[in-house]
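1. what's the 3D shape of this:
(one chain, ligands or ions: 1)
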Amino acid sequence: MPLTTRTRLILMLPALLLALGLGAYRYQANLNGLRADIAQTFHSRHELTQNYLTLLSTQVDAMQQLLLQRYRDDPPPLPALRALRPLADGQRWVLSGREDEQGASELSGTVTGLGDVPLASAVRRELNAALGLDVLFAPILRHNPQISWVYYTSASDFMYLAPKPPLDDFHYERAFLLKPFWQDALAEHNPQRRQIISSLYEDAGGKDLMITLSAPVYEQNRMLGVVSLDLGIELLRRLTSSGATHGETLLVDEHGKIVVRQGTFGLHEQYTLPPSAQPSWDSSAGVHWLGKPMLGGQLWLLHHISESQLHWLAVQQSGSTWLLIGLALLLYGVAWRLFFALRRMTRLMQTDPLTKTLNRRGFYNKAASIQALSTRQQGHLVLLLMDIDHFKAVNDTHGHAVGDQVLRQAAHYMLKSARPFDLIVRWGGEEFLVLMLLDDAESAASVAERMRQQAQRARFAERQQVTLSGGLVLVKEGESLDQAIRRADQLLYQAKQQGRNRIVSDLPTRATSDPQVQASAG
Ligand SMILES: Nc1nc2c(ncn2[C@@H]2O[C@H](COP(=O)(O)OP(=O)(O)OP(=O)(O)O)[C@@H](O)[C@H]2O)c(=O)[nH]1
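-> Residues are numbered from 1 along each chain as shown. Next up, the predicted model:
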């Protein structure tokens, strides 16, 4: 049996669903791939940044250890100490190191302090220890262009700062001790005596944005001072953006304040740190986050990408698949629309607009399948041709509109009482054809009469009912429908002749027991 358009369209559905499933699978695979790529780049950024910061942290450690060792060992005074000179105000002193014939200085930095000269022996001992840091200061500055300053700040009111400050009037003052590098190092803020990393700040000397790594130096329970290095963030910026990936990586401190970000940002912008130190995708407010701590949680590397960007990227990567699926869906939708439009048009073409019954085209179109069904089921095809009696008079007396109304009503009642395989056709002006498939021919007369009675429920004025006359035939084997209709038409003519309001039939006598259905005389 050939497939109908509708069946074909329905059969196409699983294929479309499969294509959709494949598209969704590819999309999910792309999404996972993107996440994995981003995570991989993020991890390598984390490793690079952490290694760099660990290196710096080791240098701060070394400064701290060297100073403490020298303080404890109290070695002989360094020759540089001889260059210490008081300033004119008698309140301050400075030690800048002598220069040799080539102009090279004994020290890489300058010590400035407050108080009387000569220094008290304890201060002199600490200063001698601090000057020993020069063996570290010089190489640290030489090998790390990102480090702007290295220095030791003493609780005994002096500071050894390298390289030498460019301003002649730079001098240690107590106000320095109010800055975070000192305050955060104090026991009340840092009981574990750990290294600390400051928030981001703008360098007073105009050297970009900076952070400071510091470590307090304790002798027993007394804080001697703090060793520090100031770090420009340019290299951190490059490390945290190494490798290409989607989204943005940023470095924040333990309070979530930004330390490094690619674009411009406010110094006080703050982020919420992830709940867990395990890097995992954490999605909140439409943004995917990755977070991983470093330096014992003092810094965090974060990565964020908006969910919509991630999904869009995944869609783009499977763009061709989605384009094809989209196209297929579009075509499928268009095919269904066309199918319904065609079905509607076919129905309109085969329907009588006034009565909504079939017209002749509709009848011939459908009759073939009923004939086939009749042959298959060995049923009986019965044809009833009916005509409204004196319809002209209805029109003439009550007007054409009432005549139309009568036709509509008669059709409506017939359609209502028809069974699924019955065909009700408007054959001519006020003429209706009914084709019925019956299991037994003997019931034909009563079924036909019932149909006639239904049609007669049509009213044309208050309580005024129409009557119909009909010709009823059994379609003979090998007879065409047109031949049968011609026979029915002749019987209808007889019914009119015999006084109307009846059916004349050529069925066997037993079937015409209904008083309104009479067997044909001829
Ligand atoms: N209102 C209306 N009248 C129609 C329509 N089609 C045909 N007619 C009218 O139906 C009438 C049929 O008249 P006749 O063929 O003389 O038949 P009759 O008056 O019913 O008389 P008998 O058939 O002999 O009982 C004509 O007046 C047609 O104009 C229609 O669509 N609407």
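2. can we go C-alpha only for contacts and neighbour counts from here?
-> OK.
3. look through the chain and tell me its longest helix.
-> The longest helix of the chain (DSSP state H) is helix 5-73.
4. next helix or strand past it?
-> Downstream of helix 5-73, the next assigned helix or strand under DSSP states H and E is strand 85-86.
5. next one: the nearest residue to Asp439 once chain neighbours are set aside from Leu177, what distance?
-> Closest residue to Asp439 apart from its sequence neighbours, by CA to CA, 6 or more residues apart in numbering: Gly379 at 4.8 Å. Plainly put, Gly379 is 112 Å away from Leu177 if you go by CA to CA, to the nearest Å.
6. again with Trp300
-> 27 Å.
7. looking at the two, which has the bigger crowd around it?
-> Between Trp300 and Leu177, counted using other CA atoms under 10 Å, Trp300 has the larger neighbour count: 27 against 15.
8. list the buried ones in stretch 51-70?
-> Neighbour-count burial for stretch 51-70, with 16 or more other CA atoms under 10 Å as criterion, is recorded at Leu53, Leu56, Ser57, Gln59, Val60, Asp61, Met63, Gln64, Leu66, Leu67, Leu68, Arg70.
9. pull the distance from that stretch to the chain's centre.
-> Stretch 51-70 sits 49 Å away from the centroid of its parent chain (CA atoms, centre = their mean, to the nearest Å).
10. which residues does that stretch contact?
-> 129-130, 132-133, 136, 140, 195, 213-219, 227-229, 295 (CA atoms under 8 Å, 6 or more residues apart in numbering).
11. just the strands in the stretch 351-500 of the chain please.
-> For the stretch 351-500 of the chain, strands defined by DSSP state E, counting those that start in this stretch occupy the ranges 380-388, 423-426, 431-438, 459-461, 464-465, 468-474.
12. so what secondary structure elements neighbour the shortest one?
-> If contacts are counted by 3 or more CA pairs under 8 Å, 6 or more residues apart in numbering; DSSP states H and E, strand 464-465 sits against no helix or strand.
13. that strand near the ligand anywhere?
-> No. Judged by CA under 6 Å from any ligand atom, strand 464-465 stays clear of the ligand, getting no closer than 13.5 Å.
14. in its sheet, what does that strand sit against?
-> strand 459-461 (antiparallel) (DSSP bridges).
15. let me know whether the partner strand sits next to the ligand.
-> No. Judged by CA under 6 Å from any ligand atom, strand 459-461 makes no contact with the ligand; its nearest approach is 10.8 Å.
16. so how far is that strand from its chain's centroid?
-> 64 Å.
17. name the residues that touch that strand?
-> Contact with strand 459-461 is made by Val394, His398, Val402, Gly403, Gln405, Val406, Gln409, Gln465, Val466, as judged by CA under 8 Å, 6+ apart.
18. before we move on, the earlier item: need the strands of the stretch 351-500 of the chain in TSV (columns: mean neighbour count and mean pLDDT).
-> As requested, the strands of the stretch 351-500 of the chain are exported to TSV (neighbours: other CA atoms under 10 Å; pLDDT from 0 to 100):
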stretch	mean neighbour count	mean pLDDT
strand 380-388	26	96
strand 423-426	24	97
strand 431-438	23	96
strand 459-461	17	81
strand 464-465	12	86
strand 468-474	29	97
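19. which among those strands is found nearest to Thr110?
-> With CA to CA as the criterion, Thr110 lies closest to strand 423-426 of those, at 113.3 Å.
20. top of the contacts of strand 459-461 by neighbour count?
-> The most neighbours of any of the contacts of strand 459-461, using other CA under 10 Å, belong to Val406, which has 27 neighbours.
21. my guess is that residue meets Ala458, correct?
-> Yes. Assessed by CA atoms under 8 Å, Val406 is found in contact with Ala458 at 5.6 Å.
22. joint contacts of those two?
-> Counting by CA under 8 Å, 6+ apart, no residue touches both Val406 and Ala458.
23. what parts of the stretch 1-150 of the chain come near the ligand?
-> Residues of the stretch 1-150 of the chain lying near the ligand (CA under 6 Å from any ligand atom): none found.
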